[in-house]
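In: No letters, just coordinates:
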């Protein structure tokens, strides 16, 4: 449940960071006029994966891996790696690459300026954020990704028998 809350709080931060960045949307019918909009932010997957290229621009937040650990003499800790997948459409190759980079930069800067989210989650500073651009995707679509590790609130141990007696 906590990773779900983290994703929702991250979505709020990402939407705020990119809300005023209009990006081109692919014309679906010849009669349509060109339009722009901010990137849609989705959790885990696109709602309709069949039309992924039609949905651009978008950002998908995906939990990739989590870990619960307790080093000797330390408190229990939990963290989760979150991947952000960025996709934009642009008819101009150079402008498309720059649009993708600008979108990713806005999110990167937002997380670095505000590494604590919702009063519960923190970007693991030692690992920071890693990002990359996929140059294999064919224009007019451009794709990149960013990965960060976030701390989760610790889960405190309870005596199982006492818990069982209460329930």
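Out: Received, thanks. These numbers come from a predicted model, not from an experiment.

In: tell me which strands and helices the longest helix along the chain is in contact with?
Out: Longest helix of the chain, by residue count under DSSP state H: helix 93-113. Other elements packing on helix 93-113 under the criterion 3 or more CB pairs under 8 Å, 6 or more residues apart in numbering; DSSP states H and E are helix 2-18, strand 23-25, strand 77-89, strand 129-134, strand 141-152. In short, each C-beta sits where N, CA and C put it, glycine included.

In: Of all these, which one comes closest to residue 96?
Out: Of all those, strand 141-152 sits nearest to residue 96, with 4.7 Å by CB to CB.

In: Show me what the closest one packs onto, helices and strands only.
Out: Strand 141-152 is packed against helix 2-18, strand 77-89, helix 93-113, strand 121-123, strand 129-134, with contacts defined by 3+ CB pairs under 8 Å, 6+ apart.

In: what's in contact with the first one?
Out: It stands for helix 2-18. Helix 2-18 is contacted from outside by 38-39, 41, 43-44, 59, 61, 63, 66, 78, 80, 82, 84, 103, 106-107, 109-111, 114, 117-118, 120-121, 150, 152-153, using CB atoms under 8 Å, 6 or more residues apart in numbering.

In: before we move on, what about the third one?
Out: Where contact means CB under 8 Å, 6+ apart, the residues beyond helix 93-113 that reach it are 13-14, 16-18, 21, 23-24, 39, 57, 59, 84, 86, 88-90, 123, 129, 131, 133, 139-144, 146, 148.

In: And these, which of them are buried?
Out: Neighbour counting by 16 or more other CB atoms under 10 Å classes 13-14, 17-18, 21, 23-24, 39, 57, 59, 84, 86, 88-90, 123, 129, 131, 140-144, 146, 148 among the contacts of helix 93-113 as buried.

In: right, and the helices and strands packed on strand 141-152 - which one's nearest residue 166?
Out: Proximity to residue 166 (CB to CB) singles out helix 2-18 among the helices and strands packed on strand 141-152, at 21.7 Å.
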